[in-house]
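S.K.: okay, here's the prediction I keep looking at, along with the sequence it came from:
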Amino acid sequence: MVKISPSVLSADFCRLSAEVEDIRRGGAEYVHVDVMDGIFVPNISIGLPVVESLRKATDMFLDVHLMIDRPHRYVERFCAAGADLVTVHAEADQPQDLFACIETIKAQGKKVGMSVKPKTPAEVLLPYLPQLDLVLVMTVEPGFGGQRFMHDMLPKIERLRRFINEQNPGCELEVDGGVDPVTAPLCKQAGANVLVAGSAVFKHADRAEAIRAIRQA
């Protein structure tokens, strides 16, 4: 069954604990935490203190997406802050440092993911794939919420599903960007099993119904 990972980037930060409780009650499996540094992407969002606060507020699975430059400098600290899974970008570091990220995250007993921007070929992930717990395909340009889904990313999702099935069947395939009840079935048909949704969940008063609509679409 597909898992839903609502992105708190679209939540009300004045009541973040309550927002997370809403999605927990609504049936979401993960909480997606977008960390942006204003360097790797043209926006600044949240960081270690928010992850620490979320860890204290919930026992939900924290799906932390680092959209930051040279993430090898910070992955251990995000693990210590309470992340259950830390995803880094293939474009954000040198290969030797990306392998170091994987080793560091796994040494902390956490799951590790790797993401690619829309213009990055799926094949870039192949050297890392056997060691990954999750692959994240961006279906918008990372940096801002509320963007439209890029349909031309569907073939990339399909390719990565084939690679995963061949090399690491236990690896999850996540899609982030413009996911809603209209685009969710396209992602699932392409092979995704984890869907990140921000505004499609948090902009609706009934979070349980919003999550159900995405899951069942």
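M.R.: Good, I have the coordinates. Residues are numbered from 1 along each chain as shown.
S.K.: first-to-last residue distance for stretch 50-66?
M.R.: 13 Å (C-alpha to C-alpha, to the nearest Å).
S.K.: cool, stretch 161-181 as well?
M.R.: Length of stretch 161-181, first residue to last, C-alpha to C-alpha: 21 Å.
S.K.: quick one: buried residues of that stretch?
M.R.: 161, 163-164, 168, 171-180 (16 or more other C-beta atoms under 10 Å). Quick note: C-beta positions are derived from backbone N, CA and C, even for glycine.
S.K.: same question, stretch 56-63
M.R.: In stretch 56-63, the ones that count as buried by 16+ other C-beta under 10 Å are 57, 58, 60, 61, 62, 63.
S.K.: ok, stretch 96-104 next?
M.R.: Residues 97, 98, 101, 102, 104 are the ones in stretch 96-104 that count as buried (16+ other C-beta under 10 Å).
S.K.: identify the residues contacting that stretch?
M.R.: 70-72, 75-76, 79, 86, 88, 90, 93, 112, 114, 128, 131-132 (C-beta atoms under 8 Å, 6 or more residues apart in numbering).
S.K.: would you list the buried entries among those?
M.R.: 71-72, 75-76, 79, 86, 88, 90, 93, 112, 114, 128, 132.
S.K.: among these, which are in strands?
M.R.: Taking DSSP state E as the definition of strands, these contribute 86, 88, 112, 114.
S.K.: who does the first one bridge with?
M.R.: What it means is residue 86. residue 64, residue 112 (DSSP bridges).
S.K.: now residue 32
M.R.: Residues in a beta bridge with residue 32, per DSSP bridges, are residue 7, residue 63.
S.K.: just want the most central residue of this structure.
M.R.: residue 65 (5.1 Å; C-alpha atoms, centre = their mean).
S.K.: okay, that residue: pLDDT?
M.R.: For residue 65, the pLDDT comes out at 98.
S.K.: and the ones in strands among the buried ones among the contacts of stretch 96-104 as a markdown table, adding distance to residue 45 and pLDDT?
M.R.: Converted to a markdown table, these look like this (distance: C-beta to C-beta, whole Å; pLDDT from 0 to 100):
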| residue | distance to residue 45 | pLDDT |
| --- | --- | --- |
| 86 | 15 | 98 |
| 88 | 16 | 98 |
| 112 | 21 | 98 |
| 114 | 19 | 98 |
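S.K.: which one of the buried ones among the contacts of stretch 96-104 sits closest to residue 26?
M.R.: Nearest to residue 26 among the buried ones among the contacts of stretch 96-104: residue 86, at 24.5 Å, using C-beta to C-beta.
S.K.: from what I can see the closest one touches residue 75, true?
M.R.: Yes - using C-beta atoms under 8 Å, residue 86 and residue 75 qualify as a contacting pair, with a distance of 5.4 Å.
S.K.: okay, residue 62 and residue 86: tell me how far apart.
M.R.: Per C-beta to C-beta, to the nearest Å, residue 62 is found 9 Å from residue 86.
S.K.: just the endpoints, please. Distance across stretch 134-153?
M.R.: Using C-alpha to C-alpha, one end of stretch 134-153 lies 17 Å from the other.
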